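A.B. asks: Whatever this is, show me its structure:
(one chain, ligands or ions: 1)
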Amino acid sequence: MDVLVLNCGSSSAKFAVIDPATSKEEVSGIAQRLGSPDASLDWKRNGEKASRPIPGAGHEAALRAVGELLNQLGLTEELVGIGHRVVHGGSKFSGSMAITPEVIAKVEECIPLGPLHNPPNLVGIRIAQELFPELPQVGVFDTAFHQTMPPVAYTYPVPHEWLETHGVRRYGFHGTSHRFVAKQALQLTGLSPENHRLVTAHLGNGCSCAAVRDGKSVDTTMGLTPLEGVMMGTRSGSIDPAIIGHISGALNKPADQILDALNKKAGLLGVSGLSNDMRTIEDAAAGGHERARLAFDLFCYILAKAIAALVVPLGRLDALVFTGGIGENSVAVRERTVAHLGFLGLTIDPQANATHGRSQHGRVTEEMRPQALVVPTNEELMIALDTAEIARRS
Ligand code: ADP
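C.D. replies: Predicted coordinates for the structure are as follows:
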């Protein structure tokens, strides 16, 4: 019993076939550089990598190529459903949903909120429906987990009509990852599912933190869009909004170009002038590169401040969870961030941190409460589990 998980972005489509009962990934891959002459379909099966060119393929041709590949690998027979990652569900979805014409209409209504992500997500849904008309399709929304935030967490202090007329509020993202690692953390720590207070820090190219109280997100750092919050690979995170008008005037460039720079040329890349990749930043900082050192320091400082702020809605902290490429792998980021948070009672265990907590249920701090732990995220598995559950009920 397998689920096909699809994540269609603007120029790529990631896919995986997963058995949700065993978590086994039968195949995973990506169709990338879509629309260009060097578009390719790359996949991994049983640890072996393979690739085939699909020159000029757009989303439609690429997904057909994925369908053919799954046929060749004999993986279509076992499929019980298709799970789609959908980035922006606005206030319309508080959980994963079987795709119906009404659901598609609501995802379309959310396009103004997620103009870059929702259109390719919808293309993926349409083509998958054509390719596999007999299979149930399920939408899993990045925003859904944060729909439990109370008004005091999601309201911006701006004219209220902006909220009522234009949906200007905080939605939050990475919800599938925050939900997955929060659940895993309960198993690893033995905390009660009914009584726990966690901060989850998803640190990949995009970074966000969430406050999770008794299984529910009560606050998060990302907002209307994924630009808000902590410093990221290429995104600034929160800054004084007046900077946009100021620098737009100074450079004589329209606001949308400044916003584009805040999304693509800021963060680790902007401060270091070197790279958006934390590994490069760490190596350069160790080699004495001043701006790489500043980028690293700033990243951990801003992150620690955000984590501390999220303890306000929680009232106490039981565990801090690190996940995502940086959270799972960067010994230095965890060490520095936890050092800033000593006043919360967190003390790094250098040996455990050096091995990513692998031999002690993820724990990287000394054995006391609160603790910090590493929990590898698996958004595809979470999508597969939701899809199998909804397919079983339908
Ligand atoms: P995405 O958000 O695109 O899924 P990932 O979760 O894979 O990204 O995270 C990518 C980030 O993880 C990059 O900044 C990368 O440098 C960082 N990263 C991966 N491995 C390490 C490592 N060993 N040390 C420090 N950073 C790492």
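
A.B. asks: so who does the nearest residue to F145 once chain neighbours are set aside touch?
C.D. replies: Distances taken as CB to CB, 6 or more residues apart in numbering put G175 closest to F145, at 3.2 Å, once the chain neighbours are dropped. Any C-beta I mention is one placed from the backbone N, CA and C, and that applies to glycine too. Going by CB atoms under 8 Å, 6 or more residues apart in numbering, G175 touches 141-146, 210, 217.

A.B. asks: closest point of the stretch 251-394 of the chain to the ligand, which residue?
C.D. replies: Relative to the ligand, the nearest point of the stretch 251-394 of the chain is G325 (2.1 Å; CB to the nearest ligand atom).

A.B. asks: what are the ranges of the strands in the stretch 1-150 of the chain?
C.D. replies: 2-8, 13-19, 24-32, 40-45, 48-53, 79-86, 97-98, 137-141 (DSSP state E, counting those that start in this stretch).

A.B. asks: likewise the stretch 251-394 of the chain?
C.D. replies: Ranges of strands within the stretch 251-394 of the chain are 319-323, 371-374, based on DSSP E, counting those that start in this stretch.

A.B. asks: could you dump those to CSV with distance to A354 and mean pLDDT?
C.D. replies: Shown next, in CSV, are the strands of the stretch 251-394 of the chain (distance: least, CB to CB, whole Å; pLDDT from 0 to 100):
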stretch, distance to A354, mean pLDDT
strand 319-323, 14, 98
strand 371-374, 11, 98
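
A.B. asks: Tabulate the ones you listed in a markdown table, adding columns for distance to F180 and mean neighbour count.
C.D. replies: Below are these laid out as a markdown table (distance: least, CB to CB, whole Å; neighbours: other CB atoms under 10 Å):
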| stretch | distance to F180 | mean neighbour count |
| --- | --- | --- |
| strand 319-323 | 8 | 27 |
| strand 371-374 | 14 | 27 |
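
A.B. asks: Would you point to the one among the strands of the stretch 1-150 of the chain that's packed deepest?
C.D. replies: strand 137-141 (a mean of 28; mean count of other CB atoms under 10 Å).

A.B. asks: Show me which residues of the stretch 201-350 of the chain sit near the ligand.
C.D. replies: By the rule CB under 6 Å from any ligand atom, the part of the stretch 201-350 of the chain lying against the ligand is 204-206, 233, 277-279, 282, 324-326, 329-330.

A.B. asks: Secondary structure element holding the spatially closest residue to P193 that is not a sequence neighbour?
C.D. replies: Excluding the flanking residues, the one nearest P193 by CB to CB, 6+ apart is L186, at 5.7 Å. Using DSSP states H and E, L186 sits within helix 175-189.

A.B. asks: Who are the packing partners of the helix or strand following that helix?
C.D. replies: Sequence-wise, the next helix or strand downstream of helix 175-189 (DSSP H and E) is strand 197-203. On a contact count with 3 or more CB pairs under 8 Å, 6 or more residues apart in numbering; DSSP states H and E, strand 197-203 meets helix 175-189, strand 207-213, helix 290-314, strand 319-323, helix 324-329.

A.B. asks: The second one pairs with which strands, parallel or anti?
C.D. replies: So the one you mean is strand 207-213. strand 197-203 (antiparallel), strand 216-220 (antiparallel) (DSSP bridges).

A.B. asks: With the fourth one instead?
C.D. replies: Taking DSSP bridges as the criterion, strand 319-323 forms sheet pairs with strand 197-203 (parallel), strand 371-374 (parallel).

A.B. asks: quick check, distance from the first one to the centre of its chain.
C.D. replies: Put plainly, it is strand 197-203. Put simply, strand 197-203 sits 12 Å off its chain's centre (CA atoms, centre = their mean, to the nearest Å).

A.B. asks: Spatially nearest residue to A128, not counting backbone neighbours?
C.D. replies: Spatial nearest neighbour of A128, chain neighbours left out: I82 (5.0 Å); criterion: CB to CB, 6+ apart.

A.B. asks: Report the buried residues of stretch 162-170.
C.D. replies: Of the residues in stretch 162-170, 167-170 count as buried by neighbour count, 16 or more other CB atoms under 10 Å.

A.B. asks: Make TSV out of the residues you listed and add pLDDT, distance to the ligand and secondary structure.
C.D. replies: Shown next, in TSV, are the buried residues of stretch 162-170 (pLDDT from 0 to 100; distance: CB to the nearest ligand atom, whole Å; DSSP: H, G, I helix; E, B strand; the rest coil):
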residue	pLDDT	distance to the ligand	secondary structure
G167	95	25	coil
V168	97	26	coil
R169	98	24	coil
R170	98	20	coil
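
A.B. asks: Just want to check the distance between the closest residue to the ligand within the stretch 151-300 of the chain and V218.
C.D. replies: Of all residues in the stretch 151-300 of the chain, G204 sits closest to the ligand, with a separation of 2.5 Å (CB to the nearest ligand atom). According to CB to CB, to the nearest Å, G204 stands 22 Å off from V218.

A.B. asks: for R334, same thing?
C.D. replies: Counting by CB to CB, the gap from R334 to V218 is 24 Å.

A.B. asks: who has more neighbours, these two?
C.D. replies: Legend: neighbour count by other CB atoms under 10 Å for R334 and V218, higher for R334 (27 against 20).
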